[in-house]
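Asks: no FASTA, just this:
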Ligand SMILES: Cc1cn([C@H]2C[C@H](O)[C@@H](COP(=O)(O)OP(=O)(O)OP(=O)(O)O)O2)c(=O)[nH]c1=O
């Protein structure tokens, strides 16, 4: 048996979508949510923001690990933002803000950025990268915007929609990695894990 595959993943996330995607890799993993501050400097580019926040999430879990714990693991942190006309959209705080975000996104394109940080739980060695996906949303009537916002589906999602849910009905096309939009670019993650001796295929 290849001993490299005994390494496990520690997913530094509260997101059920990220948990499902990591589960699909068929590598042993556990979830250790990181509760980090998600503010960032206004001067940062979208790429820098998602990589900084992903790194912060992995780092927080690394610092909180029990010193006597089995550290044959790679900590994975991730962060997703939506950018429209250079404006960063995070998660809406309520239905009203969700409707405002949807109004600004409908009938045009925006870009979804997700940063991924992998960190060796033993040595603290870290590698951070990101992916960007362009998403085109159909033109929506005010009634459709209100109905979708009221569904509540977008409340814990960057940009106030979920491409994997009812939100699929308002997206007309994407360019780039679909899973990047859902919150974890799995093909990127798998490439990064190779560098930490975790071989998925
Ligand atoms: C655009 C879009 C975002 N999202 C989600 C992915 C992320 O979970 C969320 C953005 O918030 P994040 O702050 O990236 O993540 P999170 O707070 O959900 O989880 P954690 O920080 O604990 O890892 O939006 C979708 O699920 N579908 C979509 O179509």
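Replies: Ah, there it is. What you see is a predicted model; the values in this text were computed from it and never measured.

Asks: the ligand contacts on this protein?
Replies: Within the chain, the positions adjacent to the ligand are 13-15, 17-18, 33, 38, 57, 78-80, 82, 91, 112, 156-159, 161-164, 167, 181-183 by CB under 6 Å from any ligand atom. Glycine gets a C-beta too; all of them are placed from N, C-alpha and C.

Asks: so which of the residues you listed are in helices?
Replies: Those of the residues of the chain next to the ligand mapping onto helices are 17, 18, 57, 181, 182, per DSSP state H.

Asks: list the contacts for the fourth one?
Replies: Residue 181 makes contact with 80, 112, 114, 133, 135, 163, 174 under the criterion CB atoms under 8 Å, 6 or more residues apart in numbering.

Asks: change it to 6 Å
Replies: 112, 133, 163 (CB atoms under 6 Å, 6 or more residues apart in numbering).

Asks: which of the residues of the chain next to the ligand count as buried?
Replies: Buried members of those, counted by 16 or more other CB atoms under 10 Å: 13, 15, 17-18, 57, 78-80, 82, 91, 112, 157-159, 161-164, 167, 181-183.

Asks: pLDDT weak spots in this structure?
Replies: Residue ranges of the chain with pLDDT under 70: 1-5.

Asks: what about residue 131, how many neighbours?
Replies: 21 (other CB atoms under 10 Å).

Asks: looks to me like it is in a strand.
Replies: Yes - when classified by DSSP: H, G, I helix; E, B strand; the rest coil, residue 131 is found to be part of a strand.

Asks: residue 102 against residue 145, yeah?
Replies: Yes - Residue 102 lies in contact with residue 145 (CB atoms under 6 Å); the separation is 4.8 Å.

Asks: looking at these two, which is more packed in?
Replies: The neighbour count for residue 102 versus residue 145, taken as other CB under 10 Å, is higher for residue 102 (23 against 20).
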